[in-house]
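J.: Build the 3D model from these lines:
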Amino acid sequence: MHQPIDPANLAEAAPDDPARRERRKDARPGELLAAALDLFVEKGFAATRVEEVARRAGVSKGTLFLYFSSKEELFKAVVRENISGRFAQWNEEIERFEGSSPDMLRYCLNSWWERIGATKASGIPKLMMSEARNFPELARFYQHEVMQPGSALIERVLKRGVARGEFRPIDFKYGVYMVLAPLLYLAMWKHSLGSCGGNLAQLVPEEYLAVQFDMLMSGLSATGAGPALARPPSSA
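T.: Just a heads-up that it's a prediction; the model follows:
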């Protein structure tokens with residue numbers, strides 16, 4: 001004999017429960033952004049279709065367009081959710097940082113790995129480097145929302161070090177590239193050769209960043225520093 005159904009349990013399990021529908025509605029933007037990040041990193045921007053994003057998120061294509069008017073807007077929302085929306089917090093952390101400038105630089109490198117590099121969001125820089133030429137409007141968006149504030153944050157760290165006598169004077173524009181280069185390499189490695197196994201997959205990100213920091217400090221240190229960076233000859 002079947003046991004009687006408890007009406008309370010039935011109400012809790014009912015798919016038409018308003019509370020459940022509301023929870024599902026609230027979760028949809030986050031689910032769509034997570035599904036879009038997965039697919040953009042796996043397939044690239046051009047090859048990802050909005051139907052696939054909706055299907056992976058468990059909603060209809062029409063539902064996706066309630067939140068995002070186009071695939072381009074969906075991609076921008078993914079970038080803001082995972083990278084550019086965090087710059088306010090990162091700048092606040094730098095503002096409150098009380099240690100030395102070398103410690104601050106090391107903190108920035110390690111924090112980037114923990115919050116971006118070790119996550120699926122590290123596939124976004126690789127995607128932009130491979131598809132920027134085909135999507136110039138998205139490239140401009142990425143430059144404005146990620147590259148410019150990211151470069152400004154690194155320049156802020158370098159200028160702090162020079163002002164405090166902890167770093168020797170350098171050309172800040174190229175100093176920023178010097179810090180960015182190993183991070184971009186790590187992102188490219190993770191989503192290409194690093195995922196293929198073999199000797200090239202043996203790179204340990206934390207050890208790599210520690211060596212990169214040591215090399216950066218060999219060039220930046222105000223004590224025992226080598227010759228100042230030479231500027232290219234003027235074309236005038």
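J.: any weak-confidence spans in this structure?
T.: 1-27, 194-201, 224-236 (pLDDT under 70).
J.: what's the domain layout of it?
T.: Per automatic domain parsing, the structural domains of the chain span 7-79, 83-220.
J.: Present those as TSV; the columns should include mean neighbour count.
T.: For every residue, glycine as well, the C-beta is placed using N, CA and C. Output for the domains of the chain, formatted as TSV (neighbours: other C-beta atoms under 10 Å):
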stretch	mean neighbour count
domain 7-79	15
domain 83-220	16
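J.: Please list all residues in contact with S122.
T.: 116, 186-187, 190-191 (C-beta atoms under 8 Å, 6 or more residues apart in numbering).
J.: Helices along this protein, start to end?
T.: Using DSSP state H, the helices found in the chain span residues 7-13, 18-43, 50-57, 61-67, 71-82, 87-96, 101-112, 123-131, 136-142, 148-163, 172-190, 205-220.
J.: which other helices and strands contact the fourth one?
T.: When you say that, I think you mean helix 61-67. helix 18-43, helix 50-57 (3 or more C-beta pairs under 8 Å, 6 or more residues apart in numbering; DSSP states H and E).
J.: Now render the ones you listed as TSV, adding distance to E73.
T.: Listed next are the helices and strands packed on helix 61-67 as TSV, based on distance: least, C-beta to C-beta, whole Å:
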stretch	distance to E73
helix 18-43	11
helix 50-57	10
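J.: who wins for proximity to V157 among those helices?
T.: Closest approach to V157 among the helices and strands packed on helix 61-67 (C-beta to C-beta): helix 18-43, 27.7 Å.
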